[in-house]
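K.L.:
Got a sequence here, can you build the structure:
(2 chains)
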2 protein chains.
Amino acid sequence: MTELEKTSRRKQCILNAVTAALQQDDYSRLTVEDIAARAGVGKSTIYRWWKHKSDLVFDAFKEHTASVFDLDFEQSLEFNLNQQLLKLSLALNHPLGRALLVVMAEHREAAGEFFRQYLLPRREQTRKLIQLAIERNEIIANYPFELMLDTLYGPIHYQIIFFNCMPDETYIHNLVSLVMQPVLVRK
Amino acid sequence: MTELEKTSRRKQCILNAVTAALQQDDYSRLTVEDIAARAGVGKSTIYRWWKHKSDLVFDAFKEHTASVFDLDFEQSLEFNLNQQLLKLSLALNHPLGRALLVVMAEHREAAGEFFRQYLLPRREQTRKLIQLAIERNEIIANYPFELMLDTLYGPIHYQIIFFNCMPDETYIHNLVSLVMQPVLVRK
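P.N.:
Reported below is the predicted structural model:
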């Protein structure tokens, strides 16, 4: 095993420990000591790569959802949005997602930066799919699609944070239908 | 001054102290000691009415936004939604709003309960205005209005929490136009 592989494996092990710890306790009670003990490393190893426990949550969430939000370009935009919003709803209700929401609220500047880095490449993929859906004549061409995406992703977070309620398949299906109604090409 | 008036005045004074303290420092550094000192009362007085500093934030936010979200039934639904979303955006960007978001994320069960109590009466008012707008022939009658409200309120919170970005008048105007487009009666 090369040095690089060893490092990567050790990092993975630490991020798994973060997830395991959060499955037992809230973010406010998460400690670097506990994570180090679970991962079988020293605290200094953790601090070499992460400055604060909030950074560990960011990376663990990123890792946990790495391929979750991949789009299927063979399928329609409507199908993909339904799938993606359901996966998002599940991810935010996972202990890691709950911890992420606390971190987002507490460290807003850092969080804004993280989210731009995390979300923008995903938005880019969604934009490509929208373009494809226009070419396939699924949807009309002229529409404020960026804003449309906010009216899809916004309500999921809103329901979870403010009503402590996880949007299910039915809610998401109704939401996507409502929002896409003005753009779908009637055939 | 009656005993009741004295109590009410003292409570008001404590909630003002919460707002003042949050204007100087984050929620995580907010202490009941500091609030007591600012309000000129003993800690035990505060604990008589509030169990935890998170409860103080809930009440201070409620107080702060008491009449902010009142609707003007003389005006159109579209006008009112524009006004209300702008006020919401400002309220959530105020130090009290920022603290509220942290509390919501950290104490989700309690927060869900608070928000249902806080939001449901407001939703009820909005429902009345929607009914009135139907009678006035501003909007069509059959539409999933509850879901429509999520697509308006959701994006405001989403932009603030995840992009650390305060929706301005233009964003809100575009959002309301987009969402209301399918329901407006063309005259």
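K.L.:
What residues of the biggest helix by length in chain A count as buried?
P.N.:
As assigned by DSSP state H, the longest helix anywhere in chain A is helix A:108-135. Residues of helix A:108-135 classed as buried by neighbour count (16 or more other Cβ atoms under 10 Å in any protein chain shown): A:R108, A:A110, A:A111, A:G112, A:F114, A:F115, A:Y118, A:T126, A:L129, A:I130, A:A133, A:I134. Any C-beta I mention is one placed from the backbone N, CA and C, and that applies to glycine too.
K.L.:
and of these, the nearest to chain B?
P.N.:
A:G112 (2.9 Å; Cβ to the nearest Cβ).
K.L.:
Setting the sequence-adjacent residues aside, check what's closest to that closest one.
P.N.:
Spatial nearest neighbour of A:G112, chain neighbours left out: B:N164 (2.9 Å); criterion: Cβ to Cβ, 6 or more residues apart in numbering or on different chains.
K.L.:
does that neighbour really touch A:A110, like I thought?
P.N.:
No - using Cβ atoms under 8 Å as the test, B:N164 is too far from A:A110 to be in contact (9.0 Å).
K.L.:
Pull out the buried residues from the helix or strand where A:H173 lies.
P.N.:
For A:H173, the element it lies in under DSSP states H and E is helix A:169-180. For helix A:169-180, the neighbour count (16+ other Cβ under 10 Å) marks A:Y171, A:I172, A:L175, A:V176, A:L178, A:V179, A:M180 as buried.
K.L.:
Intersect those with the contacts of chain B.
P.N.:
Residues of the buried residues of helix A:169-180 in contact with chain B (Cβ under 8 Å from any Cβ of the partner chain): A:L175, A:L178, A:V179.
K.L.:
What residues does the second one make contact with?
P.N.:
What that stands for is A:L178. B:P144, B:L147, B:M148, B:T151 (Cβ atoms under 8 Å, 6 or more residues apart in numbering or on different chains).
K.L.:
residues near the second one, how many?
P.N.:
Look at B:L147: counted by other Cβ atoms under 10 Å in any protein chain shown, it has 15 neighbours.
K.L.:
and chain A, what are its domains?
P.N.:
A:3-51, A:65-180 (automatic domain parsing).
K.L.:
and chain A, which residues reach chain B?
P.N.:
A:26-28, A:98, A:101-102, A:104-106, A:108-109, A:111-112, A:115-116, A:119, A:144, A:147-148, A:150-159, A:161-165, A:174-175, A:178-179, A:181-182.
K.L.:
Please check these and keep the buried ones.
P.N.:
A:27, A:98, A:101-102, A:104-106, A:108, A:111-112, A:115, A:148, A:150-159, A:161-164, A:175, A:178-179.
K.L.:
Next up, phi/psi of A:A66, please.
P.N.:
Backbone dihedrals for A:A66, given as degrees, to the nearest 10, come out at phi -50, psi -50.
K.L.:
A:L184 reaches A:E78, doesn't it?
P.N.:
Yes - contact between A:L184 and A:E78 holds when scored by Cβ under 8 Å: they sit 7.5 Å apart.
K.L.:
Find the residues that touch each one of these two.
P.N.:
Counting by Cβ under 8 Å, 6+ apart, the residues touching both A:L184 and A:E78 are A:E138.
K.L.:
so what's A:Y143 up against?
P.N.:
A:Y143 neighbours (Cβ under 8 Å, 6+ apart): A:P182, A:V183.
K.L.:
Got phi/psi on it?
P.N.:
Dihedral angles (degrees, to the nearest 10) for A:Y143: phi -170, psi 150.
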